[in-house]
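In: Below are the sequence and a predicted model for it; my questions follow.
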Amino acid sequence: MHEVFVAQSLLNISINECQNNGFHRIESIKVRIGRASGVIPEALLFTFDTLKAGTIAEGASLVIEEVSVSGHCNMCNADFIVDERFILCCPQCGDNSFTVNSGRELDIVELEVF
Amino acid sequence: MKLKVVSKILDANERIAQENRRIFNDAGVFVVNLMSSPGAGKTSLLERTIKELKHRVKVGVIEGDITGTKDAVRIKSLGVPVIQINTGGACHLDANMLNEVLKYIPLNKLDLLFIENVGNLVCPAEFNVGENMKVMILSLPEGDDKPLKYPLMFQESSVLIINKIDLKPFLDVDMERIKKSARSLNSSIKIFEVSCKTGSGMGEWADWLYSQCKPP
């Protein structure tokens, strides 16, 4: 997908957050990445390492927590979690009427700063 | 020291998209984000739709392409205001690219603004630009397996226009399969079958769009 865009965006947000709280260096950034977000963790790590050079996050590690795709079937009422990157139908009954509950996250959750 | 942060990484795009939406609302213009693969017929659909609607509503177009002005030249010849964005390689329009050109188009004088996205069945679906409605085109020669191969585009779009239906006799494509799988991904998707070549189905589509954006 757009790992460069995502990495740059998460760096900008983290650096602002760090400086606005009076800190000068970022040690780690923890993010939650949904499996259906279109972002490939390996590619995000690679671009993050490239883009962080020369910033206050130069020494920072990026910790990625992947979030599975989950949903609720409106037909059979099942709550389900799938391994795929998309839900195409309810794995229990095969119906197409479902609500997606998780899997598209692209969130920063925690920064370790000094 | 650990800082708890809850911040959406794509917030920057979302924020600008909301700002664009506010600008569109203030100007009273209805905005359609038109997306499809390259060559599915976005510009041809615009040409036909503009001809159908330009005596009923005031239409403008923002053209998104990697490079060049071919589409903008086609649209300009219809006598409607058009702005070309060249993304310089980027595979989709984002809210900021759009925000930067809004000052060049007379929004206050428009009722309906089309944003023709970069031809791509994947990435444009990921980025809101502040539109009122996402419309996608699938042309028959692309094949009936596309909804299940590119699900996000079909899930995000409110309208699916199936184009090039005049080619149906020459193709091994199952129209019902396209509709069925599109609806399985998005039960509320509105589907129109058209041919920009023959004009078939264009009246129905244009009338429906008019009903959505009718000026007060």
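Out: Structure received.
In: going forward, measure contacts between C-alpha atoms and count neighbours the same way
Out: Fine.
In: Nearest residue to the middle of chain B?
Out: By Cα atoms, centre = their mean, chain B has its centre lying nearest to residue B:34, at 0.7 Å.
In: how far away is it from chain A?
Out: Distance of residue B:34 to chain A, given as Cα to the nearest Cα, to the nearest Å: 20 Å.
In: Wait, that residue touches residue B:134, no?
Out: Yes: counting by Cα atoms under 8 Å, residue B:34 does reach residue B:134; the two are 6.2 Å apart.
In: re earlier: give the contact list for the residue nearest to the centre of chain B.
Out: B:42, B:114-117, B:134-137 (Cα atoms under 8 Å, 6 or more residues apart in numbering or on different chains).
In: Go through those and name the one nearest residue B:209.
Out: Using Cα to Cα, residue B:135 comes nearest to residue B:209 of the contacts of residue B:34, at 10.5 Å.
In: May I ask which helix or strand encompasses that closest one?
Out: Residue B:135 belongs to strand B:133-139 when assigned by DSSP states H and E.
In: what's the distance between the nearest residue to residue A:113 once chain neighbours are set aside and residue B:8?
Out: Computed as Cα to Cα, 6 or more residues apart in numbering or on different chains, the closest residue to residue A:113 that is not its neighbour in sequence is residue A:26, at 4.5 Å. Using Cα to Cα, to the nearest Å, residue A:26 is found at 18 Å from residue B:8.
In: Could you measure from the residue nearest the centre of chain A over to chain B?
Out: Residue closest to the mean C-alpha point of chain A, counted by Cα atoms, centre = their mean, is residue A:33 at 1.9 Å. Distance from residue A:33 to chain B, counting by Cα to the nearest Cα: 10 Å.
In: The host helix or strand of that residue pairs with which strands, and in what direction?
Out: Here residue A:33 is covered by strand A:26-34, with elements defined by DSSP H and E. Paired with strand A:26-34 in the same sheet, following DSSP bridges, are strand A:61-67 (parallel), strand A:106-113 (antiparallel).
In: Touching the last one from outside, list them.
Out: Pointing back at strand A:106-113 there. Everything outside strand A:106-113 that qualifies as a contact, by Cα under 8 Å, 6+ apart, is A:10, A:14, A:18, A:23-34, A:37, B:1-10.
In: buried subset of these?
Out: A:10, A:14, A:18, A:23, A:25-34, A:37, B:5, B:7-10 (16 or more other Cα atoms under 10 Å in any protein chain shown).
In: so residue B:91 touches residue B:118, yeah?
Out: Yes: between residue B:91 and residue B:118 there is a contact at 6.2 Å, judged by Cα under 8 Å.
In: neighbour-wise, which of those two wins?
Out: Neighbours were counted for residue B:91 and for residue B:118 using other Cα atoms under 10 Å in any protein chain shown; residue B:118 has more, 27 against 19.
In: mind checking how far the more buried one is from residue A:33?
Out: With Cα to Cα as the criterion, residue B:118 and residue A:33 are 26 Å apart.
In: who's in contact with the longest helix seen in chain B?
Out: Secondary structure of chain B per DSSP state H: the longest helix is helix B:11-27. Identification of contacts with helix B:11-27 by Cα under 8 Å, 6+ apart yields A:9, B:30-31, B:94-96, B:98-99, B:107-110, B:127-132.
In: Can you list the strands that the helix or strand bottoming out on mean pLDDT in chain A pairs with?
Out: When the helices and strands of chain A are scored by mean pLDDT, DSSP states H and E, strand A:98-102 comes last with a mean of 88. Strands adjacent to strand A:98-102 in the sheet, as given by DSSP bridges, are strand A:69-73 (antiparallel).
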